[in-house]
Structure formats: structure tokens, C-alpha cells
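Colleague: From the sequence below, what's the structure:
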Amino acid sequence: MLIQDKAGQAATVAAAVRDVPGVEGAASVAGPAGVIARARAHDTGELGRLVLSRVRAPAACGRR
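Modeller: Here you go, the predicted model:
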């Protein structure tokens, strides 16, 4: 997943996303999407619910 963070918050967002069940890893990167994360789900519906309910939650996330 590519996650756009608020300016200067990529490390904070990556750390928060790493703690979400189903997320296998997250790292801050340079570019418009300040965080890249890898998640595992049984199907696309489960992945969508994970993104909408958990990954978008950190307050430091910008546009998602």
C-alpha cells in the first residue's frame, strides 16, 4: 500500500501502521506517498476492510 502522510510524519505513520494486525511491514520512503506498507489478507474484501478501518486511522495520515 502507498500511504500519503502529513508533512514530516512518515516515520510516525509507518510505526503506527506496523502495529496494525495484518500488516507485515511498513517503511517511510521519499516521494508523494511517504509510507509504503505490505499487508496480508485472505481476499480483497478483507484487505479493503483492513485499509478502511485500521490503516487510515493514524492522525498523521494525510490523503489516503
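
Colleague: Help me confirm that Ile36 is found in a helix?
Modeller: No - assessed with DSSP: H, G, I helix; E, B strand; the rest coil, Ile36 is strand; it does not lie in a helix.

Colleague: what about it, distance to Leu50?
Modeller: 16 Å (CB to CB, to the nearest Å). Quick note: C-beta positions are derived from backbone N, CA and C, even for glycine.

Colleague: Can you give me the neighbour number for Ser53?
Modeller: Counted with other CB atoms under 10 Å, the neighbours of Ser53 add up to 10.

Colleague: Ala7 too?
Modeller: Neighbours around Ala7, by other CB under 10 Å: 8.

Colleague: where's it, which helix or strand?
Modeller: For Ala7, there is no host helix or strand (DSSP states H and E).

Colleague: wait, what's in contact with it?
Modeller: Neighbour list for Ala7: empty [criterion: CB atoms under 8 Å, 6 or more residues apart in numbering].

Colleague: distance of it from Ala27?
Modeller: 18 Å.

Colleague: same deal with Lys6?
Modeller: 17 Å.

Colleague: With Thr44 instead?
Modeller: 23 Å.

Colleague: Looking at these two, which one has more neighbours?
Modeller: For the pair Thr44 and Ala27, the greater number of neighbours falls to Ala27 (14 against 8), based on other CB under 10 Å.

Colleague: Do me a favour and average the pLDDT over the helix or strand the more buried one falls within.
Modeller: Assigned by DSSP H and E, Ala27 belongs to strand 23-28. Per-region confidence: strand 23-28 scores 94 on mean pLDDT.
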